[in-house]
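Enquirer: any chance you can model this:
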Amino acid sequence: MRKIVSLAVIAALCVWTLSGCAANQGIREHQGAAIGAGAGAVGGAVLGGLVGGRRGALVGGLLGALTGGIVGNYYDQKEKDLAETRKAYAGYSAAKGTRLKIERVRATPAATRPGETVDIRMTYAVLTPREDVMVPVRETREILFNGIRVGETSIDIEREGGTWRSVVPITLPQDARPGHYRVIATVESRNGGKDVEETTFRVHR
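Expert: This is a model prediction of the structure:
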């Protein structure tokens, strides 16, 4: 079933506007936008759409060593239901309330070249005391180069209990600087704390 979304762009320079969202075999795709650098801040775009059964906003921006790169389509998929997820966390009980746990973060491919696309993948568990609980979650992916922030994307969504995988693709600019880039991934909720994990990718000529 095709889902219709609307895209509002808030970049400091020029940003292209797109719209559209589709689901295929449980994977939701949310259109992104080309990103330019803002004056002293991360340029970005806001995407409103049906995410996790509720309306969310994907915000992305790139600057510095990644100026002119593109934040692409956002994908998410539920990999396990709440019962399956609880089995993997034997120490969890309903009395502990809502908890978030990042299971995996990785950049694919781990080594790439300017002009190519890196998928920043994150898998995390949403543990809830009941199946009917919806949890407000913020996913953040921060990219650093030589200790300086050169990009960040975040999305505010509502999740039901279970294990979720989401992907934000970033197409590197043709003049992306070579070297190692750190990715700091965060999930947090006012209902269930915060978890942080890291990964890296390398750009070479």
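Enquirer: return the residues in contact with the residue nearest the centre of the chain.
Expert: The structure's the chain has its C-alpha centroid closest to Val168; by C-alpha atoms, centre = their mean the separation is 4.9 Å. Residues in contact with Val168 (C-beta atoms under 8 Å, 6 or more residues apart in numbering) are Leu58, Gly60, Val71, Gly72, Tyr74, Asp119, Ile120, Arg141, Thr153. C-betas here are computed from N, CA, C, even on glycine.
Enquirer: whatever helix or strand it lives in pairs with which strands?
Expert: Assigned by DSSP states H and E, Val168 belongs to strand 162-171. The strands that strand 162-171 pairs with in its sheet are strand 70-71 (antiparallel), strand 74-80 (antiparallel), strand 117-127 (antiparallel) (by DSSP bridges).
Enquirer: give me the mean pLDDT for the shortest one.
Expert: On average, the pLDDT along strand 70-71 is 86.
Enquirer: also stretch 197-205?
Expert: If you average the pLDDT over stretch 197-205, you get 96.
Enquirer: circling back: dump the contacts of Val168 into CSV; add neighbour count and distance to Val183 as well.
Expert: Converted to CSV, the contacts of Val168 look like this (neighbours: other C-beta atoms under 10 Å; distance: C-beta to C-beta, whole Å):
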residue, neighbour count, distance to Val183
Leu58, 27, 17
Gly60, 27, 13
Val71, 28, 13
Gly72, 21, 15
Tyr74, 25, 16
Asp119, 15, 11
Ile120, 22, 6
Arg141, 24, 6
Thr153, 24, 10
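Enquirer: between the residues you listed, which sits nearest Ala185?
Expert: When the contacts of Val168 are compared for distance to Ala185 (C-beta to C-beta), Arg141 wins out at 5.4 Å.
Enquirer: measure the closest one to Thr128 for me?
Expert: 23 Å (C-beta to C-beta, to the nearest Å).
Enquirer: next: Arg177.
Expert: 42 Å.
Enquirer: may I see the strands paired with strand 162-171 arranged in TSV, with distance to Gly162 as well?
Expert: Shown next, in TSV, are the strands paired with strand 162-171 (distance: least, C-beta to C-beta, whole Å):
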stretch	distance to Gly162
strand 70-71	26
strand 74-80	5
strand 117-127	6
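Enquirer: most tightly packed of these?
Expert: Most buried of those by mean neighbour count (mean count of other C-beta atoms under 10 Å) is strand 70-71; its value is a mean of 24.
Enquirer: name the nearest residue to the residue in the chain sticking out farthest from the centre, ignoring sequence neighbours.
Expert: Largest separation from the mean C-alpha position in the chain: Ala95, at 29.2 Å (C-alpha atoms, centre = their mean). Leaving aside its sequence neighbours, Ala95 sits nearest to Pro129 (C-beta to C-beta, 6 or more residues apart in numbering; 7.6 Å).
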